[in-house]
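*Asks:* based on what follows, work out the 3D shape:
(one chain, ligands or ions: 2)
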Amino acid sequence: MILFNQKMGISNTSYDDLLDNTCDKQPLYSYYELININYDLLASLHFREVTLMYRDGKIPMPAERLHPHNSVHSIIPSYRPYFYSLSKDDPAYVALFRLSTIGDSVLHDDNITCDKKLLGLKSIAPYVNYYKGYLLGLRSIRKHKIGNLDSLVYTMFKLKMGLMDIVYEGEKQIVVDIYECISCSGLPILNRPVCDFERGFLTAAITNIYNREVETREVECWSTGSTKCRFIIQFKD
Ligand SMILES: [Zn+2]
Ligand SMILES: [Zn+2]
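*Replies:* Ligands and ions are numbered 1, 2, ... in the order given. Purely as a prediction, here's the structure:
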């Protein structure tokens, strides 16, 4: 088969020749092609109601994790059905955020084969992301967006960071779950939590709301096998 006749300037290769219909293509970047959800119904619900549905396990979860190409592309797939029901651009919004935050730390992750480690440097991304989140938390406090736990929950929703659920509020610590987290929802297993941005944001907000120093630990994450993030916010005094 003559592929290309230089002189005539025509090609014999047809569109169908290029199409390889043999292999069943797995949707690479979208959980939304795998799970059928009534997004119009979901979009009609209040975000606090959806958070409670998550707490009660009423939101369908993907049976398996997308792990395209076992490469840095692995940070792209996100699973945020509620934010997706409100805006079909959500996957792009999340991808952009991740490429500018966790992308660097994932590049340095041994679980993700990447032939060229960035400059051979140990990743500083976790510290940078924590600080970015902390600054955003401070700015939100200063702009009076956050004055108590309730407005913190609302601000996290408005900033499309995630659906925050206060699981426990006590004298010594506060326990917070985040569903549809912008940093990690939909990630493959990376064997360590990656939501340093949210950890910084929560630390700044809670420190200022209570006027007490806190230390925030992430104890559950999509990247450690969970389908939510859990943070323990410990008062230092
Ligand atoms: Zn997260
Ligand atoms: Zn996480």
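
*Asks:* contacts, neighbours, all on C-alpha from now
*Replies:* Fine.

*Asks:* what about residue 231, distance to ligand 2?
*Replies:* Distance of residue 231 to ligand 2, given as Cα to the ion, to the nearest Å: 9 Å.

*Asks:* what about that residue, which SS state?
*Replies:* The three-state label for residue 231, taken from DSSP: H, G, I helix; E, B strand; the rest coil, comes out as strand.

*Asks:* secondary structure element holding the residue nearest to it when sequence neighbours are not counted?
*Replies:* Closest residue to residue 231 in three dimensions, ignoring its sequence neighbours and counting by Cα to Cα, 6 or more residues apart in numbering: residue 218, at 4.4 Å. Using DSSP states H and E, residue 218 sits within strand 214-220.

*Asks:* make sure residue 174 is indeed in a strand.
*Replies:* Yes - applying three-state DSSP, one finds residue 174 inside a strand.

*Asks:* from ligand 1, how far out is the closest residue to ligand 2 within the chain?
*Replies:* Using Cα to the ion, residue 221 is the residue of the chain that sits closest to ligand 2, at 3.6 Å. Distance, residue 221 to ligand 1, using Cα to the ion: 6 Å.

*Asks:* pLDDT score for the residue nearest to that residue when sequence neighbours are not counted?
*Replies:* If the residues on either side of it in the chain are set aside, residue 221 comes closest to residue 229, at 4.3 Å by Cα to Cα, 6+ apart. In this model, residue 229 is scored at 97, pLDDT.

*Asks:* isn't residue 229 right up against residue 183?
*Replies:* No - Residue 229 is beyond contact range of residue 183, at 9.8 Å (criterion: Cα atoms under 8 Å).

*Asks:* quickly list what's touching both of the two.
*Replies:* residue 195 (Cα atoms under 8 Å, 6 or more residues apart in numbering).

*Asks:* would you mind naming what in this protein lies close to ligand 2?
*Replies:* 195, 221, 229 (Cα under 5 Å from the ion).

*Asks:* export these to a markdown table and tack on distance to residue 155?
*Replies:* Shown next, in a markdown table, are these (distance: Cα to Cα, whole Å):
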| residue | distance to residue 155 |
| --- | --- |
| 195 | 17 |
| 221 | 21 |
| 229 | 17 |
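
*Asks:* list the buried residues for the lengthiest helix in the chain?
*Replies:* Taking DSSP state H as the criterion, the chain has its longest helix at helix 125-142. By neighbour count on 16 or more other Cα atoms under 10 Å, the buried set for helix 125-142 is 125-126, 128-141.

*Asks:* done for today, thanks.
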